[in-house]
Structure formats: structure tokens, C-alpha cells
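Enquirer: With the sequence up front, the predicted model follows.
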Amino acid sequence: MKHINKFENLKEKFFDIPSADVSHVKRKWLDLPYAELYPAHFLDIYLPEEGSGPFPVIVHIHGGGFEIGDKRDIHILPLLKGLERGYSIVSVNYRLSGEAKFPAGLQDIKAAIRWIKANSKTYHLDENHIAVFGGSSGGNYAAMVSLTDQVIEFDDINLNNSEYPCNVQAAVDWFGPTDFLKMDDQLADNGFGPGHHNEVDSPESKYLGGKISDLPLQVELANPMTYIHEKMPPILIQHGRLDTLVPVQQSMIFVEKLQKYVSKDLFEFDILEGAGHGDPLFETDENMERVFTFLDKHLKNTTG
């Protein structure tokens, strides 16, 4: 029987999608360069319709299996609802796996955060109240960014603004992978196998630069669980029970480790029953209210 690559089947459904119409946002800057070395080094800024700020920032990290996607695809739309709540939204592009391997994309996102801090006054951004938000591979990146601000190996000083920190105050991880090597077994346990993640042409293998089973150290370095620490910023993790691409156990084992090592006020976890990968249930008004309430708690009710 021919092996079915579920990621390929899901590209059209979830990742290979059209650009968002952002014409309704009156105050915005599109395609600003945050570094000057690679074509991916651009971001978009959206501000609330009224007010001079500085506005707390939600940094949007798009998904796409580390290999496709764009900062202005339609997955930005539910996050733009945050403009009505007084948030600025900054959506970031980064080098994809066809352009560079791990940790290049992570270095890019950190550089974008440093650029935000260096240019906060110009664009009415609150450099002391920043959250990262991402789905799928963007969820992995959001968790990694929030946990590794002190990991110098993930910094590239050639990307400018190295004098600024890249720490953030909160993170939202939607159905992000954590331990790549366990994904196929977990999918099989859930009745969603056979998986494809352990193959040499899987998104994770392309991201790390080789078959993941041959790169256990790289798998560990790309796993946010490796970097859990007591001073980490709060994180909201949400995952669909019926996810057939990134099994729900990826977030469950993440939360189990958080429960073991950090205070319970540093993480929140929701399993969305009946939800698959990139399911519309994540983008409902009810769930976005849940997300924004979490962000309000950590970005608006603090002093810096």
C-alpha cells in the first residue's frame, strides 16, 4: 500500500491558503524590514483605530510545517480582533526550511522582537508588554521564543539590534509540536496512523536538516520542553483532541513537564474536544475571548 503523507493532504486545507484582506485596518505598516540579510526578513504592524499607545504587542508567528506559510495569510484574521481590545499585532516572516535549517527561523523571530523593542516609539508599541502567538509550527516557535531568551546559541548578532533583549511576557501555543520523535507513535495510538513525521522528507526532518531519527540531539534542541525554567513567562497551550497531524499528546507531555517543574500559575491548558488540526473551533468568538482574556491578564494587568 502506498504511504499517505497526511501533511501533504492538509496543505490545501490548512496551510496553502490565500492572503488575508487587511484593507479594513486603517493604521498599519506592511512589509517593514526588521533585518537586511534575507528576503524573509519582513514584518507587518497593525494598530488599533484610535489612541496613541503605546499598545501591548501580540507577535503572530505563522504556521506551515516550518516550510511554507506567510505572515499575511488568513490565519492572521482572528488575531486582528485584538485591535478592538487595544492590542497592536505584529506579524512576522522568517526563513523557512527550504531557505535555512534550524535554528535560523528561531533566530529570525528573536531578531524581529528585538527590532520591535528598538523601534517601539516610532510605531507606538509597548516594548515591555509583548506576547508571542503561533499555531502548529508557529506554536512550537512561540513556545521556543518564550523559553529561550537566555540561550545565546539561538541568537544571530548579524541580524541587528543585538543590544536589545528578546524576552516576552506571555505566549500562546496552538497545537504546536514538541517532541518530534514521538509523533508517529502517538498518532498510531490515537488511531490516526500511519504517521509521516519520522520520514526523511517530513516537515520536521526538512526543518532539522536530516531524518529526525538520525538527529536526536537536534530534536531535543528544537523541543521547547528542553528549556522549561522557573522564570519563564506564562503560556496558554491549546490543542484539538482529534488532531491527525500533530497528536494531542504533544501538548499533553509538554504540560506534564510544566506541572513537574514550574508553578501552576505559569501555564494554562485546554483540550478542544472534537477539534482537528487548524480547526475553526480555535477561531470562534468564544475561544478567541479565552485567548484574549489570558493575554489581558498578563499584558495589561502588569507594570512591566
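Expert: Sure thing, it's come through.
Enquirer: Mind listing the strands the helix or strand hosting Phe133 pairs with, and their directions?
Expert: When elements are assigned from DSSP states H and E, Phe133 belongs to strand 125-135. Sheet pairing for strand 125-135, assigned by DSSP bridges, gives strand 55-61 (parallel), strand 170-174 (parallel).
Enquirer: Give me the average confidence score over the first one.
Expert: Confidence over strand 55-61, taken as the mean pLDDT, stands at 98.
Enquirer: what's the answer for the shortest one, then?
Expert: Here strand 170-174 scores 98 as its mean pLDDT.
Enquirer: next helix or strand past that strand?
Expert: Strand 170-174 is succeeded, C-terminally, by helix 183-189 (DSSP H and E).
Enquirer: just the first one next, same as before
Expert: Once strand 55-61 ends, the next helix or strand along the chain (criterion: DSSP H and E) is strand 88-92.
Enquirer: Summarise which helices and strands that next one is packed against.
Expert: Judged by 3 or more Cβ pairs under 8 Å, 6 or more residues apart in numbering; DSSP states H and E, strand 88-92 is in contact with strand 42-46, strand 55-61, helix 104-118, strand 125-135. To be clear about C-beta, it is placed using only N, CA and C from the backbone, and glycine gets the same treatment.
Enquirer: Any buried residues in that strand, and which?
Expert: Within strand 88-92, the residues scored as buried using 16 or more other Cβ atoms under 10 Å are Ser88, Ile89, Val90, Ser91, Val92.
Enquirer: try stretch 97-112
Expert: Going by 16+ other Cβ under 10 Å, stretch 97-112 has these buried residues: 97, 100-112.
Enquirer: Also stretch 71-79?
Expert: Result for stretch 71-79 [16+ other Cβ under 10 Å]: buried residues Lys71, Arg72, Asp73, His75, Ile76, Pro78, Leu79.
Enquirer: ditto for stretch 285-294
Expert: Asn287, Met288, Arg290, Val291, Phe292, Phe294.
Enquirer: Likewise for stretch 192-206?
Expert: Phe192, Gly195, His196, His197, Asn198, Glu199, Ser202, Pro203, Glu204, Ser205, Lys206.
Enquirer: Stretch 146-155 too?
Expert: Those would be Ser146, Leu147, Thr148, Asp149, Val151, Phe154, Asp155, for stretch 146-155 by 16+ other Cβ under 10 Å.
Enquirer: got CSV for those, with secondary structure, pLDDT and distance to Gly240 too?
Expert: CSV is the format used below for the buried residues of stretch 146-155 (DSSP: H, G, I helix; E, B strand; the rest coil; pLDDT from 0 to 100; distance: Cβ to Cβ, whole Å):
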residue, secondary structure, pLDDT, distance to Gly240
Ser146, helix, 98, 21
Leu147, helix, 98, 23
Thr148, coil, 98, 26
Asp149, coil, 96, 29
Val151, coil, 96, 29
Phe154, helix, 96, 28
Asp155, coil, 94, 33
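Enquirer: Surely Glu153 is in contact with Pro103?
Expert: Yes. Contact criterion Cβ atoms under 8 Å: Glu153 and Pro103 qualify, at 7.2 Å.
Enquirer: picking up where we left off before, okay, the angle between the strand holding Phe133 and strand 42-46?
Expert: Interaxial angle of strand 125-135 relative to strand 42-46 (axes from the mean of the first three to the mean of the last three Cα atoms, to 10 degrees): 110 degrees.
Enquirer: distance between strand 125-135 and the chain's centre?
Expert: Its chain's average C-alpha position is 11 Å from that of strand 125-135, according to Cα atoms, centre = their mean, to the nearest Å.
Enquirer: pLDDT wise, what is Pro18 at?
Expert: Predicted confidence (pLDDT) for Pro18: 86.
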